[in-house]
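S.K.: Show me the folded form of this:
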Amino acid sequence: MKASAVLAIILFCLLLPIQALCTDKPVNDKSKLNVQKAVDAVRKELESKLGNPVPSLNVLIQTRDGLIFVSSVHDGVKPVTKDMNFRFASNTKSFTAAAILKMYQDGWLNYKDKITDIIPGSKKTTYVPDSPDWDIPYKSSITIEQLLQHSSGVFDVDNDANPSWGGDTYTEFKQKSNHNHQFKVDEFTAELVSKNLYYFTPGSGYHYSNTEYAILSRIISRVYSFFAGTAKTYEDYLNDFIVGKKAKIPLNIHFPISAADSVLPSPCVPGTERSQNGTVEITDFNMSAQVGEGNGYGTINDLNIFIRSLMKGSNVLNTETVTLMQKDTSLSNQNYSLGCTFTPNIGYGHNGARVGNLSLMAYDPAYDISLVVYLPLIDTLRGDESFIDCVKVLYDTAWNVRSALGYPGNPNT
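M.R.: Below is the predicted model:
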């Protein structure tokens, strides 16, 4: 399901030791039971709205009192665990933004620069290639900041259709003829060039665009390659600095860039897509079209560790840069900052929707609460109506489990 639809719906001190982020503190049995009841109620309500089973609804919530994980499942379905892999889709954007801001923090780039500017320390290497395939509309006016905030006007070849692609998006069009097509950012920009596609002049509006984050992934690759003195990829930087074994907080999270790297490792949760064409379960999928914007997969537990540690300034970004990430909405007329959004009584984070998976990660500094909500179902039997029902469940679940623990919930009720 398209990420733009998701965003349209939802946009409404001391460093902690790693052990404090990872360890399950004992929790009151009554508290866990209350959370389980709250999640069960939301799942059953969704089943009633959809008129079909909801395989599972899963929540991890961490407060100062400890960590609670519950999996509410339909009869006969095996519960999900917090250590099973799943595709978390556009939550990837917060990792990409963290990478860009880590580079900014280290003096490797300036996020206020135009994408045609020279990489700091280089004599001639620009952030994006200086080639005809990259002569996208208004290229010389686009900044890295605008890409982060979806205010550059770059057309989204992954979400928006065009008649020349048979009425599909470009990525759908290519995958219909070859599921194993190896996508490259350069071919996305070539399409923008050849068809003169854009939404508006840079900085003059807001339009959620996966292609903006694809371009950011290319920038990360080029900047890292320059400073490393050898060819490096987006995946290399994320592994080396953000989540890999040498990162400040190593996590079981991965960002495949190869079409051949399509297998979701076991144990994993299949995403379920239910439509007029039937119901399918998906684990393996070519994510090369979503590099930088939605190609991530990992566990509920590690997703919680990432968003909690990142937003507390305990991970790769210091507190000053985290504040910048959370608060810089100067170029956007929506509530989208530098790779994250803010939802009242949920906090700072992101959501994701792809190949039968819906998820939400967030951290609320007001109450020191982090949470991850995961629904392995995208239902479009009733079109946008049933899809919206599924997306709303992410937020209703987050608010309800907070209320079950005595914290403020839905601010609209």
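
S.K.: quick one, helices of the stretch 1-150 of the chain?
M.R.: For the stretch 1-150 of the chain, the helices defined by DSSP state H, counting those that start in this stretch cover 3-10, 18-22, 29-50, 92-105, 144-149.

S.K.: What's the mean pLDDT across the fourth one?
M.R.: Looking back up the chat, that one is helix 92-105. In this model, helix 92-105 has an average pLDDT of 98.

S.K.: Which secondary structure element of this structure has the lowest mean pLDDT?
M.R.: helix 18-22 (a mean of 41; mean pLDDT, DSSP states H and E).

S.K.: Tell me the confidence at the residue of the chain most remote from its centre?
M.R.: The centre of the chain is farthest from one residue, Lys123, which by C-alpha atoms, centre = their mean lies 34.0 Å away. Per-residue confidence for Lys123 comes out at a pLDDT of 93.

S.K.: The one 10 residues further on too?
M.R.: Looking at Asp133, its pLDDT reads 98.

S.K.: go on, Cys340?
M.R.: Listed pLDDT for Cys340 reads 97.

S.K.: How about the secondary structure of the nearest residue to it once chain neighbours are set aside?
M.R.: Spatial nearest neighbour of Cys340, chain neighbours left out: Tyr348 (5.0 Å); criterion: C-beta to C-beta, 6 or more residues apart in numbering. C-beta: built from backbone N, CA, C; applies to glycine. The three-state assignment at Tyr348 reads strand, by DSSP: H, G, I helix; E, B strand; the rest coil.

S.K.: wait, doesn't Tyr348 sit right on Met311?
M.R.: Yes. The pair Tyr348 / Met311 is scored as a contact, 5.4 Å apart, by C-beta atoms under 8 Å.

S.K.: what about the strands in the stretch 151-300 of the chain?
M.R.: Ranges of strands within the stretch 151-300 of the chain are 253-254, 271-275, 278-282, 296-299, based on DSSP state E, counting those that start in this stretch.

S.K.: most neighbours per residue, which of those strands?
M.R.: Among the strands of the stretch 151-300 of the chain, strand 296-299 has the highest mean neighbour count (mean count of other C-beta atoms under 10 Å), at a mean of 25.

S.K.: Describe which strands that strand pairs with in its sheet and in which direction.
M.R.: If you go by DSSP bridges, strand 296-299 pairs up with strand 85-89 (antiparallel), strand 253-254 (antiparallel).

S.K.: how far does the last one sit from the chain's center?
M.R.: By that I understand strand 253-254. Chain-centre distance of strand 253-254: 12 Å, with C-alpha atoms, centre = their mean, to the nearest Å.

S.K.: as a whole number, average confidence for that strand?
M.R.: Average pLDDT, strand 253-254: 98.

S.K.: Contact partners for Glu47?
M.R.: Going by C-beta atoms under 8 Å, 6 or more residues apart in numbering, Glu47 touches 53-54, 74.

S.K.: ok so, going back, just the strands paired with strand 296-299: most buried one?
M.R.: Most buried among those, given mean count of other C-beta under 10 Å as the contact rule, is strand 85-89, at a mean of 27.

S.K.: Between strand 278-282 and it, find me the angle.
M.R.: 110 degrees (axes from the mean of the first three to the mean of the last three C-alpha atoms, to 10 degrees).

S.K.: how big is the angle separating strand 85-89 from strand 271-275?
M.R.: Using the same axes, to 10 degrees: strand 85-89 against strand 271-275 is 60 degrees.

S.K.: Nearest spatial neighbour of Phe342, chain-adjacent residues omitted?
M.R.: Spatial nearest neighbour of Phe342, excluding adjacent residues (C-beta to C-beta, 6+ apart): Tyr348 at 5.4 Å.
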